[in-house]
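A.B. asks: sequence plus predicted model, see below.
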Amino acid sequence: MANADITPVGMGELPLINDLYNEVFRPGRDLSFFERRLKGRRNPLLLVAHVERQPVGFAIGYENKPGTFYCWLIGVRSAYRRAGIASQLMEAISAWAADNDYHTVRFECFNRQRPMLRLAIRQGYDIVGIRWDSDNSTNLIIMEHNLAEDETG
Ligand SMILES: CC(C)(COP(=O)(O)OP(=O)(O)OC[C@H]1O[C@@H](n2cnc3c(N)ncnc32)[C@H](O)[C@@H]1OP(=O)(O)O)[C@@H](O)C(=O)NCCC(=O)NCCS
């Protein structure tokens with residue numbers, strides 16, 4: 001189990017996140033992809049995971065609507081997977097969201113993103129719906145984590 005350092009970073013670190021993204025996701029994107037999506041968002045949260053000072057993973061989220069925080073992207077470099085790093089990133093998002101008065105964390109992912117689906121179930125997320133993604137001509141699974149359940153156990 002890696003013990004990653006999970007650090008919130010500012011928008012100035014978007015180029016680093018962009019590099020990590022391009023290592024993990026296809027197609028690759030440029031900086032404007034992130035800048036456009038985050039522009040005008042309330043409470044953008046950028047997290048970078050480091051192991052032995054190497055950046056190995058990232059997460060990006062922002063407010064979806066009052067009370068609900070949206071985890072847009074999470075990725076871990078392939079050589080560092082199955083060591084609990086994404087779990088640490090998700091726990092950090094939940095802790096940050098709870099501290100900032102959100103009651104729910106939401107994310108969406110494709111059926112093909114099986115590791116993410118498994119990870120989310122393991123992290124206590126519920127499947128709350130699906131929606132058609134016309135850009136990719138496939139369904140997105142919507143998952144939510146009720147943070148109040150963490151408090152009540
Ligand atoms: C999804 C992803 C972020 C998981 O990162 P990770 O650091 O390997 O995840 P963790 O080590 O915290 O996994 C925790 C648990 O999730 C499940 N899990 C994660 N990856 C899995 C896999 N490939 N197969 C089966 N179960 C998996 C397991 O239950 C795992 O616990 P275990 O290793 O004790 O069995 C990583 O695989 C990734 O970057 N994938 C490509 C990008 C992506 O699809 N992102 C999600 C959509 S935004």
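C.D. replies: That came through, no problem. Numbering: from 1, shown residues only.

A.B. asks: longest single helix anywhere in this structure?
C.D. replies: helix 85-99 (DSSP state H).

A.B. asks: list the helices and strands that helix packs on?
C.D. replies: Contact partners of helix 85-99 among helices and strands, from 3 or more CB pairs under 8 Å, 6 or more residues apart in numbering; DSSP states H and E: strand 5-9, strand 45-51, strand 54-65, strand 68-76, strand 104-110, helix 114-122, helix 147-152. Yep, even glycine has a C-beta here, placed from its N, CA and C like the rest.

A.B. asks: wait, which of the ones you listed is closest to Ser87?
C.D. replies: Among these, the nearest to Ser87 by CB to CB is helix 114-122 (6.7 Å).

A.B. asks: tell me the mean pLDDT over the helix or strand that that closest one is followed by?
C.D. replies: Once the chain leaves helix 114-122, the next helix or strand it forms, by DSSP states H and E, is strand 126-133. Mean per-residue pLDDT for strand 126-133: 97.

A.B. asks: strand 126-133 vs the ligand: in contact?
C.D. replies: No. Counting by CB under 6 Å from any ligand atom, the ligand is not contacted by strand 126-133; separation bottoms out at 12.8 Å.

A.B. asks: who's in contact with that strand?
C.D. replies: The contact list for strand 126-133 (CB atoms under 8 Å, 6 or more residues apart in numbering) reads Arg106, Glu108, Phe110, Thr138, Asn139, Leu140, Ile141, Ile142, Met143, Glu144, His145, Asn146.

A.B. asks: helix or strand with the lowest mean pLDDT in the protein?
C.D. replies: Ranking every helix and strand in the chain by mean pLDDT, DSSP states H and E puts helix 147-152 at the bottom, with a mean of 78.

A.B. asks: re earlier: identify the farthest-apart pair in the contacts of strand 126-133.
C.D. replies: Thr138 and Asn146 (26.5 Å).
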